[in-house]
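1. mind folding the following:
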Amino acid sequence: MRAEITDKAELIFLILTFLFMVGSMTGWVIELFFRRFISTKNPERKWINPGFLTGPCLPLYGFGLIALFIMSLLPYVGNNSGVNTPGRIAVTILSMGVMMTLIEYIAGLIFIKGMKIKLWDYSDEPLNLQGIICIRFSVIWTVLGAVYYFLIQPHVIDLVKWFGDNIAFTFVVGMFYGVLVIDLFYSFNVSSRIHEFAVENDVVIKYEALKQEIRTDTDKLKKDWRFLLPLNSDQSLGETMKERLEKIKVKN
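-> Numbers count the residues shown, from 1 in each chain. Coordinates of the predicted model:
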């Protein structure tokens, strides 16, 4: 019995790591196309590498997929009929929207308080909280929760079942996490330099604005912009932040 429980625990852990990988990479693709074709903050419609990491991974979406997967199964707990009522479904979808908003808020707050970096800025949005979350994106999260519940969840369950039958695929998952560790090391090294500058100048730096300023400078010099290394330029990062401080700092 003890070995069986251990095996189940290991399988659950592997499934969660698998879902995190799928969610993180899918979220990166979603954000990539959103910024290219929809976002009003990219009027030139250029390809922008989204997020904090350099590779195709947005951890917020990874944790989000895990949360949505678990929450979509909760209505069936203690429900012997296996049939959900409209009320249960509505509560589940609303809870998904709240959970995704909470994950977004916690992630944003951690970077602001811990690194003095603002990864995104909703300050111009109505009914926003500290520029980290806002009502519009909370509604979008809720709509995405409904789309997930009705359209995507069955496919995710099939994907999880497939993964359970093909555990050898954990090799690919392991490679993903190996690359992720390297990416985290590099990205946090860059962020530590931003944090040091922010502390010295008593400001919070807007990460996306900084990337945009570096890209603008690169375009003016008619040099190739590094999509996967958006903070790399001929000028040092410290000099760039000093010259562009008014454009990249969070306004009080």
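
2. C-alpha from now on. contacts and neighbour counts both.
-> Fine.

3. how far away is Ile30 from Leu159?
-> According to C-alpha to C-alpha, to the nearest Å, Ile30 and Leu159 sit 19 Å apart.

4. where does the protein have its least confident helix or strand?
-> Averaged element by element with mean pLDDT, DSSP states H and E, the chain has its least confident helix or strand at helix 207-220 (a mean of 82).

5. restricting to C-alpha, output that helix in PDB.
-> Extracted in PDB, the C-alpha atoms of helix 207-220 (Å, rounded to 0.1, in the frame of the first residue of the first chain):
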ATOM      1  CA  TYR A 207      10.100  46.000 -17.500                       C
ATOM      2  CA  GLU A 208       8.200  46.300 -20.800                       C
ATOM      3  CA  ALA A 209       9.000  50.000 -21.100                       C
ATOM      4  CA  LEU A 210      12.700  49.200 -20.700                       C
ATOM      5  CA  LYS A 211      12.600  46.500 -23.400                       C
ATOM      6  CA  GLN A 212      10.800  48.900 -25.700                       C
ATOM      7  CA  GLU A 213      13.400  51.700 -25.200                       C
ATOM      8  CA  ILE A 214      16.200  49.300 -25.900                       C
ATOM      9  CA  ARG A 215      14.500  48.100 -29.100                       C
ATOM     10  CA  THR A 216      13.900  51.700 -30.200                       C
ATOM     11  CA  ASP A 217      17.600  52.500 -29.800                       C
ATOM     12  CA  THR A 218      18.500  49.400 -31.700                       C
ATOM     13  CA  ASP A 219      16.200  50.300 -34.500                       C
ATOM     14  CA  LYS A 220      17.600  53.800 -34.700                       C
END
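
6. what are the buried residues along the helix or strand just after it?
-> Sequence-wise, the next helix or strand downstream of helix 207-220 (DSSP states H and E) is helix 237-243. Residues of helix 237-243 classed as buried: Leu237, Thr240, Met241 (neighbour count, 16 or more other C-alpha atoms under 10 Å).

7. quick one: helix 237-243 to chain centroid distance?
-> Its chain's C-alpha centre lies 26 Å from the corresponding centre of helix 237-243 when counted by C-alpha atoms, centre = their mean, to the nearest Å.

8. from the contact counts, what lies against whichever helix or strand comes after it?
-> Remark: after helix 237-243, the chain's next helix or strand is helix 245-248, criterion DSSP H and E. Packing partners of helix 245-248 (3 or more C-alpha pairs under 8 Å, 6 or more residues apart in numbering; DSSP states H and E): helix 207-220.
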